[in-house]
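Novice: Could you look at this predicted model? Sequence included:
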Amino acid sequence: MVLNPVISKLAGKLVVLASASPRRLEILRNAGLRFEVVPSWFKETLDKGLFKAPHEYAVETAKQKALEVARRMPFKHLKTPDIVIGADTIVTVDGMILEKPVDKHDAYRMLSSLSGKEHSVFTGVAIVLCHEKENEEVDYQLIDFYEETKVKFADLSETMLWEYINSGEPMDKAGGYGIQALGGMLVEYVHGDFLNVVGFPLNHFCKQLDLIYNRSTSSSDQKSESVCLSHNGTHATTILTQPPNNLPPQSGHSPKHNLTSSPRPNSLSASQTHHTQNSPPASPVHKVQRTSESEVGESSWTLVNSLSKHTDKFRDCENTPLPLMTSRGQVMELNVTECENSEPKKEDLQRIIELMDGFKASKALFTASKMCVFDLLQSRPGLDAGQVAQEIKASAKGTECLLEACVSLGLLKCKERTYQKPAYVNTDLATRFLLSDAPFSLQGYIWHCNDTVWPLFSHLESAVQEGTNQHEKAFGKKSKDMFQDTFYNNQAVKLRFMNAMHSIAKVTGKAVATAFDLCGFKTACDLGGCTGAMAYEFTKAHPALSVTVFDLPAVIEMREHFHPLQKDNRVSFVAGDFFKDELPKAELYILARILHDWPDEKVHLLLSKIAHACTPGCGLLLSEIFLDEDRNGPSRGLLQALSMSEGKQRSATEYSLLLKNHGFITANIRHTDNLLDVMLCIKDVHCS
Ligand SMILES: C[S@@+](CC[C@H](N)C(=O)[O-])C[C@H]1O[C@@H](n2cnc3c(N)ncnc32)[C@H](O)[C@@H]1O
């Protein structure tokens, strides 16, 4: 089915979404639908006991939501929509219907009932077509359907359950989880339409539009329930019409309940289809797997997405099959003929557009962060665009665009949209990572990306042509030593760089510090340890360990700035240059994100100094992004290399070989699935 022509049938029509769910909004926007959002005032309080099957409840709620908006708009908004879309998503397990949790304990009850089991997610959808008549009456034609998707949760430990609940994510989601975000980590498999679980069965919806607009010869062909309502909303007449031949069978899918003021007999069931367990799933099975036990912050689960793999394998279109990435990272093979002749797949197109638009999304995030939008909305949630504009001293128009873009990126949500004045609040994602004072704030790194990395990337073409760093073009001065010349000769730039390192170290520190059992070491030295954020993670994780942070004097003199409240006297600071000065004595040396900054000669110089300071049995813990051995990923490392100065990204084997030259034997490697990987090496007893 060609989807765009279906959506384009709605062009020029006033389409209204009777739902405030940002997820539905995003799904429909991504499909190219233009619509207004008018959240329904219908209270979701239907008596569930009246329904024979759970989906009937979801469909009825969707209908009531859509009809309420369709009835209200001609009065309150003084315009009659052409189409109103209502939807309701529920989760069912063991005969229970789970909606949104009311508090954390309710979320716990729901999530623990889903643990280790398969459950069903139903979304009921109602499409109300409004036909304005000359006598000011409006005919409402109702089409409804539902979609079922089966989802299986992994066994969830108590810790995991509470970590997820404490992330705040479960609170506004049916069943207490959001599959598109952190909740995806709880899921073992999905059978059926993934978007249905997110909140809207787009595929089924498009098929329904296809039936309505493309295949029925006249509107009277459409099997649907038509309800003629006068403007005061009284139920005037019910018109039965005939089904078109190509409509799916409806037996067993019609409401058998008596729910509205005007109950419908079975024959009124409107264009309903569903997917049962026996019918083929509507979309491919998406799998989310558990990865290693390392953690990002509080969460110990990670969504596997192999997007970084194979991305540079787009060779030419010879007859060799080309691996292509789908938007979810699965590899597909196309040969040249298919490449040239087949219609582009939606997910391929989406993936390429995502890549093309990536810089816009980054810059929108950077700009909102630099203008302190997230901090503002945290202290004053619910401001509208005009109020935000006033506070951040920006234009109303520009601010509105920025806020809307942030909503589309999942950074902000629109709490309500009453007429033209949506009220904005932070999403969980923004609260967790974008506030200046959040424990896992990435603000420092974001500002560094905006002020330092972005200008370098804007000269990427020259960087590729010349094979040199572009500091001079980007910042107007030559840089021989990135740290001394670029970052540390200006106090503001230095602080910004240190903030960036600090924020990354706080987010990654726990995973790095806990990657290995270090109980055999009592003293450590974190070379280039910057603000000490990583060192504090090590002392937190290893109660018997003391850590000396060693960094350039320009950095060490600013340390108070970052830990004014830290009282841990197991962390101390020493100023010096690790290429020139004697290194502090320690049983374990930590090199976190140091070696990639330097060419092999400099790495050898540093490693020889460490080897000299070590006695046999001493350890060296290296933390970097380890490139895949075939250098096909991860793209995070390869993209970072594009703006690096003298350094280079290496694979674990390359690092191992460099270290081996200095008598360090690789004992263990851990891919943390966090931002950094870790390697533990031990000084060979045969070398001294
Ligand atoms: C990329 S940062 C990594 C910071 C920290 N290890 C982390 O993981 O967050 C590199 C650090 O090495 C420090 N550094 C660079 N050259 C140095 C030198 N010659 N002697 C000591 N430290 C140096 C920088 O000041 C900076 O703090």
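Specialist: On my side now, so go ahead. Numbers count the residues shown, from 1 in each chain.

Novice: who in the protein is up against the ligand?
Specialist: Neighbours of the ligand within the chain, by C-beta under 6 Å from any ligand atom: 483, 501, 504-505, 528-530, 534, 551-552, 555, 577-579, 592-594, 597. Any C-beta I mention is one placed from the backbone N, CA and C, and that applies to glycine too.

Novice: Check which element follows the particular helix or strand that has V603 in it along the chain.
Specialist: Here V603, judged by DSSP states H and E, is contained in helix 600-613. Moving toward the C-terminus from helix 600-613, the next helix or strand (DSSP H and E) is strand 619-624.

Novice: Show me what the helix or strand just after that next one is packed against.
Specialist: Next helix or strand after strand 619-624 toward the C-terminus (DSSP H and E): helix 635-641. On a contact count with 3 or more C-beta pairs under 8 Å, 6 or more residues apart in numbering; DSSP states H and E, helix 635-641 meets no helix or strand.

Novice: how distant is helix 635-641 from the center of its chain?
Specialist: 19 Å (C-alpha atoms, centre = their mean, to the nearest Å).

Novice: Could you list the buried residues of that helix?
Specialist: By neighbour count on 16 or more other C-beta atoms under 10 Å, the buried set for helix 635-641 is 637-638.

Novice: So how do I select the buried members of the residues of the chain next to the ligand in ChimeraX?
Specialist: The ChimeraX selection below is limited to those of the residues of the chain next to the ligand classed as buried (16+ other C-beta under 10 Å):
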select :483,501,504,505,528,529,530,534,551,552,555,578,592,593,594,597
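
Novice: Of the residues of the chain next to the ligand, which belong to strands?
Specialist: 551, 592 (DSSP state E).

Novice: where in this protein is pLDDT low?
Specialist: 1-5, 76-77, 135, 215-341, 417-420, 564-567, 673, 686-688 (pLDDT under 70).

Novice: Quick check: buried residues in the helix or strand harbouring V69?
Specialist: Using DSSP H and E, V69 maps to helix 54-76. Neighbour-count burial for helix 54-76 flags 54-74 (criterion: 16+ other C-beta under 10 Å).

Novice: Also stretch 538-554?
Specialist: Buried residues in stretch 538-554 (16+ other C-beta under 10 Å): 538-542, 545-552, 554.

Novice: what's next to it, contact-wise?
Specialist: Contacts to stretch 538-554, defined as C-beta atoms under 8 Å, 6 or more residues apart in numbering, come from residues 483-484, 488, 494, 509-510, 513-514, 518-519, 521-530, 532, 535, 556, 559, 568, 570-578, 583-584, 586, 588, 590.

Novice: cool, stretch 651-661 as well?
Specialist: 595, 600, 603-604, 607, 620, 622, 624, 626-629, 631, 650, 666, 669, 677, 679, 681.

Novice: Could you export it as PDB, CA atoms only?
Specialist: This file holds the C-alpha atoms of stretch 651-661, laid out as PDB (Å, rounded to 0.1, in the frame of the first residue of the first chain):
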ATOM      1  CA  SER A 651      40.700  -0.800  18.600                       C
ATOM      2  CA  ALA A 652      41.200  -2.800  21.800                       C
ATOM      3  CA  THR A 653      43.800  -4.900  20.000                       C
ATOM      4  CA  GLU A 654      45.700  -1.800  18.900                       C
ATOM      5  CA  TYR A 655      45.700  -0.500  22.500                       C
ATOM      6  CA  SER A 656      46.800  -3.900  23.800                       C
ATOM      7  CA  LEU A 657      49.800  -3.900  21.400                       C
ATOM      8  CA  LEU A 658      50.800  -0.400  22.400                       C
ATOM      9  CA  LEU A 659      50.700  -1.400  26.100                       C
ATOM     10  CA  LYS A 660      52.400  -4.800  25.500                       C
ATOM     11  CA  ASN A 661      55.400  -2.900  24.200                       C
END
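
Novice: can you give me the offset of that stretch from its chain's centre?
Specialist: 34 Å.

Novice: cool, stretch 640-656 as well?
Specialist: Counting by C-alpha atoms, centre = their mean, stretch 640-656 comes out at 27 Å from the chain centroid.

Novice: what distance separates the start and the end of that stretch?
Specialist: 21 Å (C-alpha to C-alpha, to the nearest Å).

Novice: Tell me the buried residues in that stretch?
Specialist: Buried, per 16+ other C-beta under 10 Å, within stretch 640-656: 643-645, 647, 649-652, 654-656.

Novice: Can you add secondary structure and give the residues you listed back as a markdown table?
Specialist: Output for the buried residues of stretch 640-656, formatted as a markdown table (DSSP: H, G, I helix; E, B strand; the rest coil):
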| residue | secondary structure |
| --- | --- |
| S643 | coil |
| M644 | coil |
| S645 | coil |
| G647 | coil |
| Q649 | coil |
| R650 | coil |
| S651 | strand |
| A652 | helix |
| E654 | helix |
| Y655 | helix |
| S656 | helix |
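
Novice: wait, which of the residues you listed is closest to the ligand?
Specialist: G647 (9.5 Å; C-beta to the nearest ligand atom).

Novice: What's the separation between that closest one and Q378?
Specialist: 37 Å (C-beta to C-beta, to the nearest Å).

Novice: do the same with A126
Specialist: A126 is 36 Å from Q378, by C-beta to C-beta.

Novice: likewise F440?
Specialist: For F440, the distance to Q378 - C-beta to C-beta - is 14 Å.

Novice: again, but for T45
Specialist: 32 Å.

Novice: and these two? which has more neighbours close in?
Specialist: Q378 (18 against 8; other C-beta atoms under 10 Å).

Novice: for the more buried one, what are its contacts?
Specialist: 426, 431, 435.

Novice: was I right about the last one contacting D375?
Specialist: Put plainly, it is L435. Yes - shown here, L435 and D375 form a contact pair, counting by C-beta atoms under 8 Å, at 5.8 Å.

Novice: Same drill for the two, tell me which one is more crowded.
Specialist: Neighbour comparison, L435 and D375: the larger count goes to L435, with 21 against 18 (by other C-beta under 10 Å).

Novice: The ligand: which of the contacts of Q378 is nearest?
Specialist: L435 (20.2 Å).

Novice: sec struct for the closest one, please.
Specialist: coil.

Novice: State the distance from it to Y164.
Specialist: From L435 to Y164 the distance is 20 Å (C-beta to C-beta).

Novice: Next: S441.
Specialist: For S441, the distance to Y164 - C-beta to C-beta - is 20 Å.

Novice: These two: who's more crowded?
Specialist: Each of S441 and Y164 has its neighbours counted (other C-beta under 10 Å); Y164 has more, 25 against 21.

Novice: Near the residue lying closest to that one once chain neighbours are set aside, how many other residues are there?
Specialist: Once flanking residues are discounted, Y164 sits nearest to L182: 6.3 Å by C-beta to C-beta, 6 or more residues apart in numbering. When neighbours are defined as other C-beta under 10 Å, L182 has 21 of them.

Novice: what do you get for L495?
Specialist: Neighbours around L495, by other C-beta under 10 Å: 16.
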